[in-house]
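**Student:** Fold the following for me, if possible:
(one chain, ligands or ions: 2)
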Amino acid sequence: MLKIIIQGISGKMGKTLYRIISEGKEHKVVAGISRSNAMLDIPIYHNLNEVKEKADVCIDFSNHSAVTGLLESAVKKKLPLVICTTGFTDDEMAAINDASKIIPVFQSFNTSIGVAATESLVSLAARLLRNFDVEIVEAHHNQKMDSPSGTAIMLARAIRDNTPEKNILKYGRYGHESREKNEIGIHSIRGGSIIGEHTVIFAGEGEMIEIKHTSLSRDIFAIGAIRAAEFIVNKVPGLYSMKDLLEEA
Ligand SMILES: NC(=O)C1=CN([C@@H]2O[C@H](COP(=O)(O)OP(=O)(O)OC[C@H]3O[C@@H](n4cnc5c(N)ncnc54)[C@H](OP(=O)(O)O)[C@@H]3O)[C@@H](O)[C@H]2O)C=CC1
Ligand SMILES: O=C(O)C1=N[C@H](C(=O)O)C[C@H](O)C1
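**Tutor:** Ligands and ions are numbered 1, 2, ... in the order given. Below is the predicted model of the structure:
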């Protein structure tokens with residue numbers, strides 16, 4: 001049984017994760033981190049530094065701006081981290097990388113197994129369809145703070161890694177400018193309660209292929225985050241991803 005701390009416990013994902021862990025009874029949430037009053041029957045703290053309970057791992061679904069403090073405290077406590085938050089700046093990503101030299105850190109913009117499979121399919125399609133134009137369209141709920149989604153960035157990187165000539169990430173289009181061959185277009189839609197949709201369009205002359213993932217429930221992210229926690233607890237320091245988890249499975 002893992003003793004788990006959840007950062008962002010009062011948010012949409014934090015609540016989902018808390019429910020799934022509590023229902024599963026395999027692991028235990030020993031504390032939550034929230035700046036507001038999360039009405040739960042476990043101790044709630046404002047940051048990881050304050051947490052008194054002993055834990056095996058902390059899972060983070062909060063906000064990019066909270067990551068620096070989280071990393072500092074986790075390094076001090078030698079606590080493995082599963083970072084599921086998105087929207088990091090380059091400096092914040094560098095801080096995650098630095099911390100992973102001291103503690104095990106699992107970082108993924110999307111912990112669903114289906115998206116991990118989508119990434120592999122998109123990588124293969126990129127290699128097979130080198131001359132096709134590639135555009136990514138993502139759609140999320142109207143409360144999402146970051147655009148484009150972390151998953152869209154991850155998919156764009158997978159395409160670029162497999163077709164290095166596509167080296168420009170083009171965020172949206174407006175005005176009088178034709179499309180360049182080396183662009184990967186990325187477009188964000190925000191509305192209502194859409195949980196998450198990612199479509200990668202490969203458009204050629206006279207034909208097009210779409211690879212699409214639709215999240216029908218937030219549970220898929222929570223289940224993947226728990227698998228990530230189980231995967232990381234006994235690892236040596238390093239930066240781990242869904243690829244590492246699936247390779248070991
Ligand atoms: N990797 C994955 O598979 C997935 C990742 N995500 C990502 O997880 C994150 C959270 O998503 P979601 O739960 O929908 O968002 P919510 O806005 O519903 O929840 C985020 C919570 O984080 C807390 N928070 C916000 N800002 C800060 C801050 N500066 N410091 C500390 N805590 C803060 C807030 O709680 P309070 O105000 O109480 O502190 C808030 O309730 C997002 O970045 C999202 O993109 C989402 C789904 C899947
Ligand atoms: O904020 C969300 O909701 C989601 N965020 C992640 C992202 O930015 O890719 C993952 C998922 O699509 C839901």
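**Student:** Could you list the contact residues of this protein toward ligand 2?
**Tutor:** 86, 109-110, 140, 144, 149-151, 196 (CB under 6 Å from any ligand atom). C-beta coordinates here come from the backbone N, C-alpha and C atoms, glycine included.
**Student:** For the nearest residue to Met1 once chain neighbours are set aside, which residues are in contact?
**Tutor:** For Met1, ignoring the flanking residues on the chain, the nearest one in space by CB to CB, 6 or more residues apart in numbering is His27 at 5.6 Å. Residues near His27 by CB atoms under 8 Å, 6 or more residues apart in numbering: 1-4, 21, 226, 229.
**Student:** Next, format the residues you listed as JSON lines and append pLDDT, secondary structure and distance to Met93.
**Tutor:** Below are the contacts of His27 laid out as JSON lines (pLDDT from 0 to 100; DSSP: H, G, I helix; E, B strand; the rest coil; distance: CB to CB, whole Å):
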{"residue": "Met1", "pLDDT": "95", "secondary structure": "coil", "distance to Met93": "32"}
{"residue": "Leu2", "pLDDT": "98", "secondary structure": "coil", "distance to Met93": "26"}
{"residue": "Lys3", "pLDDT": "98", "secondary structure": "strand", "distance to Met93": "28"}
{"residue": "Ile4", "pLDDT": "98", "secondary structure": "strand", "distance to Met93": "24"}
{"residue": "Ile21", "pLDDT": "97", "secondary structure": "helix", "distance to Met93": "27"}
{"residue": "Ile226", "pLDDT": "98", "secondary structure": "helix", "distance to Met93": "24"}
{"residue": "Ala229", "pLDDT": "98", "secondary structure": "helix", "distance to Met93": "21"}
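**Student:** buried subset of those?
**Tutor:** If you count burial by 16 or more other CB atoms under 10 Å, the buried members of the contacts of His27 come out as 2, 4, 21, 226, 229.
**Student:** so which of those residues comes closest to ligand 2?
**Tutor:** Ile226 (15.9 Å; CB to the nearest ligand atom).
**Student:** right, and the helix or strand after the longest helix seen in the chain?
**Tutor:** When the chain is scanned for its longest helix (criterion: DSSP state H), the result is helix 113-128. Per DSSP states H and E, the first helix or strand lying C-terminal to helix 113-128 is strand 133-140.
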